[in-house]
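**Q** 3D model of this:
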Amino acid sequence: MPTESSWRKRLLPISLVLMAVAPPCWWIIAPSPSLQYHDCFDGFQCAVLEVPMDYHRLDGQGRRVAIAITRLPAKVPVTDPRYGGVVFLNSGGPGGSGVYQVLRVGRSLQTIVDAESDPGLGEEETSDRYFDMIGFDPRGVNNTTPGAIVLNTGCSSTLSAASGTKEALGEHINTPPHGKQGRAEQQQRDRLLGPDPLQAILQRTRWKRGREKLLFWGCSYGTLLGSTFATMFPDRINHVVLDGVIDADVYYGGGGPSGIVDADAIFDRFAIYCDQAGVTGCPFYIQGGPSAIREAYLTVENALYIVSLPVTDLKIVHRSALYEPLFAFPLLAKYVSELAHGNGSAMVDAKHRSRSPSCALFGENELYANTAILCADADYLPEMDQDGLTQYWHSLKADSATIGDYWASLGLGCAGWNVTAKWKVPGPYGGYTSHPLFFVANTLDPVTPLGGHTSMAAPCLYVNKSIRRYCQTRVSPPAETVCEPDLRPLLGRTGMQDVKAGDQTLWEATLEMYQQVATGRLPL
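**A** Residues are numbered from 1 along each chain as shown. Okay, the predicted model is just below:
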């Protein structure tokens, strides 16, 4: 069975040809201790920055890391007084590719943070600001080398996923021959991963004259990086947007409420919106209100435990729907409606399309980088024994019947992991920064409930207008401002009037960003 990540991507009609972000240019760009950009892709620039693997060494020796960086240049040169600086991007993961992100949504994000006016038509003395957008692959990820490759071959990686059974819990802990092999090799890279080196990269790629301050837009796991950086360097903050905020103290140390406490409430919204959409807008609509729709759904799900179609297939679509309800609520309604009538063809077709005839290429390490970084960050997870992980699983199921199993599987991947990050940032995480951070969160979020997943799952023109105002004028909305999304799952545009002419470009960027983000994401 394919991994959830691969199936999630194949569910979508949008091609992932752009994911081929390791073209020959990466192999011919020599790593350099200073940024040397080369034209790449279509209107972008690429560089490979050489940094020490161990920043604590003072002798200049030791292994080196080659960081893959892609920049979307600003609409004005750096000598123009309207040049606003570099906005660093991190889409989450952990283990997500910043190179892929800037190629995929960099232009839309740049439209949001840039001034509304065309720089070619304005005066240079205006207060308008225009920004470079930079995405980089963190240590161990994608085009950055060395990579966090746990197993020697793509086929071994493809076949190594543990089954989602209780018996597999013990097997995964006690008899992991491939895992032992991978961990032995990973020991050679024991200084590769962890949050502190990532913050060092953020600093090193800045122009240091005058101690430039950070401009950053992080989503989900990217908010953890932003919070960590702000804790370490509170005087180095300029504009920092954190969207889909993770509780850093809980993430690093465990304890406290889990991140999935909102997930079941989002599933409740599926039933509510399906009821409001009616038979013409929701294929799974039945009379009786949201409670009847929810019960009918659970009846279909429970029936799958005793028929030929795996219940996990539906649960994967269900999990995707919680992350991206605008896109996946209609899919979920379609699939469960057909299943209710004994027809699993659409589900089977979606699963079949997810299968690749070949093994993963060397360097395609998104899932293993995710595990390596997660287990190095949250070092309490590898310390759990089988009983502890079983209790962890049950507690997450109690928090969310809808995705508790999935969330527990992430922790299971850390069982027996004995590679630790060389640096560790002690908590608590927070402090007084040189400029306020801009926090954005959904009122209901399946995995980052510090109150769909990130604002990109719920397009809202007002949110992006507020982000632009923050980046242009350093002014943020009042605390706890709540705005309604302009689109709702199964219902479409609700309550939004025609977009004003001055906002049309921003609205188009908002929609484009959502459509591209809906091509799939890692857990955070």
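**Q** How is this protein divided into domains?
**A** Here the domain parsing of the chain from automatic domain parsing is 4-148+192-254+424-477+492-517, 263-343.
**Q** Which of the ones you listed sits closest to residue 404?
**A** With C-beta to C-beta, the closest approach to residue 404 among the domains of the chain belongs to domain 263-343: 8.1 Å. C-beta here means a position set from N, CA and C on the backbone, and glycine is covered the same way.
**Q** Off-centre distance for the closest one?
**A** On the basis of C-alpha atoms, centre = their mean, to the nearest Å, domain 263-343 sits 24 Å off its chain's mean C-alpha point.
**Q** That domain spans what distance, first to last residue?
**A** One end of domain 263-343 sits 27 Å from the other (C-alpha to C-alpha, to the nearest Å).
**Q** for stretch 370-385, same thing?
**A** 21 Å.
**Q** buried ones in it?
**A** 370-379, 381-382, 384 (16 or more other C-beta atoms under 10 Å).
**Q** Including distance to residue 498, could the residues you listed go into CSV?
**A** Converted to CSV, the buried residues of stretch 370-385 look like this (distance: C-beta to C-beta, whole Å):
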residue, distance to residue 498
370, 42
371, 47
372, 48
373, 44
374, 44
375, 50
376, 49
377, 45
378, 47
379, 52
381, 50
382, 54
384, 54
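**Q** Could you list every helix and strand in contact with the longest helix along the chain?
**A** Secondary structure of the chain per DSSP state H: the longest helix is helix 263-281. The helices and strands touching helix 263-281, judged by 3 or more C-beta pairs under 8 Å, 6 or more residues apart in numbering; DSSP states H and E, are helix 290-303, helix 311-323, helix 325-340.
**Q** Per-residue pLDDT of residue 200, please?
**A** At residue 200, the pLDDT value in this model is 61.
**Q** quick revisit: which of the helices and strands packed on helix 263-281 sits closest to residue 351?
**A** It is, among those and with distance given as C-beta to C-beta, helix 311-323, at 6.0 Å.
**Q** between that closest one and helix 325-340, how many degrees?
**A** Computed with axes from the mean of the first three to the mean of the last three C-alpha atoms, to 10 degrees, the direction of helix 311-323 lies at 150 degrees from that of helix 325-340.
**Q** How about the longest helix of the chain, which residues are buried there?
**A** Those would be 263-267, 269-275, 277, 281, for helix 263-281 by 16+ other C-beta under 10 Å.
**Q** tally of neighbours for the residue nearest to residue 60 when sequence neighbours are not counted?
**A** Spatial nearest neighbour of residue 60, chain neighbours left out: residue 52 (7.8 Å); criterion: C-beta to C-beta, 6 or more residues apart in numbering. For residue 52, the neighbour count with other C-beta atoms under 10 Å is 18.
**Q** does residue 52 really touch residue 66, like I thought?
**A** No: the pair residue 52 / residue 66 is not scored as a contact, 11.5 Å apart, by C-beta atoms under 8 Å.
**Q** Mind listing the shared neighbours of those two?
**A** By C-beta atoms under 8 Å, 6 or more residues apart in numbering, residue 52 and residue 66 have no common neighbours.
**Q** Helices of the stretch 401-524 of the chain, start to end?
**A** 404-412, 461-473, 504-517 (DSSP state H, counting those that start in this stretch).
**Q** who does the second one touch, helix- and strand-wise?
**A** Counting contacts by 3+ C-beta pairs under 8 Å, 6+ apart, helix 461-473 is packed against helix 98-113, strand 237-243, strand 438-440, helix 504-517.
**Q** Show me where the stretch 401-524 of the chain dips below the pLDDT cut-off.
**A** For the stretch 401-524 of the chain, applying pLDDT under 70 flags the ranges 445-454, 456, 494-497, 517-524.
**Q** I'd like the mean pLDDT over stretch 329-336, please.
**A** 94.
**Q** now swap in stretch 61-70 and tell me
**A** Computed over stretch 61-70, the average pLDDT equals 92.
**Q** And that stretch, what's buried?
**A** Under 16+ other C-beta under 10 Å, the buried positions of stretch 61-70 are 65-70.
**Q** Mind checking which of these are in strands?
**A** Those of these mapping onto strands are 65-70, per DSSP state E.
**Q** Kindly indicate whether the residue nearest to residue 37 when sequence neighbours are not counted is helix, strand or coil.
**A** Residue nearest to residue 37 in three dimensions, not counting chain neighbours: residue 45, with 4.0 Å by C-beta to C-beta, 6+ apart. With DSSP: H, G, I helix; E, B strand; the rest coil as the basis, residue 45 sits in strand.
**Q** Identify the residues contacting residue 45.
**A** So residue 45 contacts 37-39, 70-71, 73 (C-beta under 8 Å, 6+ apart).
**Q** one more time with 6 Å
**A** 37, 39, 71 (C-beta atoms under 6 Å, 6 or more residues apart in numbering).
**Q** Neighbour-wise, which one of those leads?
**A** residue 71 (21 neighbours).
**Q** roughly how far apart are that residue and residue 102?
**A** 7 Å (C-beta to C-beta, to the nearest Å).
**Q** same question, residue 326
**A** Counting by C-beta to C-beta, the gap from residue 326 to residue 102 is 23 Å.
**Q** So which of the two has more stuff around it?
**A** Neighbour totals were compared for residue 326 and residue 102, and residue 102 leads with 27 against 22 (other C-beta under 10 Å).
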